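Show me the folded form of this:
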Amino acid sequence: MKHGKKYNSTYEKVDKLKEYGAIEALDFLKANSYVKFDETVEMAVKLGVDPRKSDQAVRGAAVLPHGLGKTVRVLVFAQGDKEAEAKEAGADFTGGDEIAEKIKEGWLDFDAVVATPDMMKVVGKLGKILGTRGLMPNPKVGTVTPDVAKAVRELKKGKAEFRVDKGAIIHAAIGKLSFDSQKLLENGRALLDAVVKAKPATAKGTYLKKVTLTSTMGQGLKVNINDLK
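Coordinates of the predicted model:
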C-alpha cells in the first residue's frame, strides 16, 4: 500500500525496537497527528491463546472510566417493568416484536443492543442482521441481562466490548485522541484489566504477549505492558 508524505514522515520517527511508556506513546500520537478530525485511539493486545479452540475464545467488555468520546444510541428489547426501567436509565429505543420488524425492514439507527433473557426468542430471529454488524446481545458482555438499567448506563458511559480474532489479537477503542493522555491511560488500564479477567483457564504460558497503541491514521507503537497494569 502506498502512503502519503505525512504518513511516511511519522513512520520514520518511530523506534521499531523500542517499548514505549504508555504516556510517552500517547503523547507521540498526539504530537504527530496530521489529520483534521478527532482520531480514535485503539489498543491491540496480542494474547497467548489458540482462538481456534472454543475454550480459548476470549471475549468480554470493559466499562471505561472516561468513556469513548461518542454518543451511543442504545436499543433495548424488553417488556413491562423492564422496558420502563430501560427508558428511565436512558435507552434511546425500547420494544419487542414491533422493533424487530423495523429492523427486518432495514432500520439500524442504533449503536448497541440490550435484551432481557426472555426476549432472546425475538432477538434470535435477527441473528443474520445483528450478528454481521457485531450488535447481537450476548451474556458474556453483559448485554443479555435482567438488569437492563445497569446495561444501558454502562453503554452510555462508555463500554468497550472485545473479542479475540483469528490472529489471537484483541482490538478495542479506548477513547479519542483529544482526551488527556492520563485519561486515555486509565481507560487503557481498565480494558487490559478486563482482558486479564477474561483469561481462559485452559490458556498456558504467557497470556499477555504484546500491547500496541495507535490512532486512526497514526502509527502502531509497542507499549511496555507493565506500564499498563
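
What values do phi and psi take at the residue nearest to the spatial centre of the chain?
Residue closest to the mean C-alpha point of the chain, counted by Cα atoms, centre = their mean, is Ala160 at 3.1 Å. Main-chain torsions, Ala160, degrees, to the nearest 10: phi -100, psi 120.

Which strand residues bridge the closest residue in space to it that isn't next to it in sequence?
Among residues not flanking Ala160 along the chain, Ala172 sits closest, at 4.7 Å (Cβ to Cβ, 6 or more residues apart in numbering). Every C-beta, even on glycine, is put in place using the N, C-alpha and C of the backbone. Residues in a beta bridge with Ala172, per DSSP bridges, are Met43.

So Ala172 sits against Met43, correct?
Yes. Counting by Cβ atoms under 8 Å, Met43 is a contact partner of Ala172 at 5.9 Å.

okay, and the common contacts of those two?
Taking Cβ atoms under 8 Å, 6 or more residues apart in numbering as the criterion, Ala172 and Met43 both touch Leu191.

follow-up on the earlier one: do you know how far the residue nearest to the centre of the chain is from Ile225?
Distance of Ala160 to Ile225, given as Cβ to Cβ, to the nearest Å: 18 Å.

Please apply the same query to Val35.
28 Å.

ok, the two, which is more surrounded?
Applying other Cβ atoms under 10 Å to Val35 and Ile225 shows that Ile225 carries more neighbours, namely 16 against 12.

Could you pull up the contacting residues of that one?
By Cβ under 8 Å, 6+ apart, the contact set of Ile225 is 192, 208, 210-211.

re the thing from before, per-residue confidence at the residue nearest to the centre of the chain?
Ala160 carries a pLDDT score of 89 in this model.

Touching stretch 186-199 from outside, list them.
Residues outside stretch 186-199 that contact it (Cβ under 8 Å, 6+ apart): 22, 43, 45, 47, 58-66, 158, 160, 162, 170, 172, 174-175, 179, 207-208, 211, 213, 225, 228-229.

Show me what counts as buried in it.
For stretch 186-199, the neighbour count (16 or more other Cβ atoms under 10 Å) marks 186-192, 194-195, 198-199 as buried.

export those residues to TSV and tack on distance to Asp92?
TSV is the format used below for the buried residues of stretch 186-199 (distance: Cβ to Cβ, whole Å):
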residue	distance to Asp92
Glu186	27
Asn187	23
Gly188	28
Arg189	29
Ala190	24
Leu191	25
Leu192	30
Ala194	25
Val195	29
Ala198	28
Lys199	34
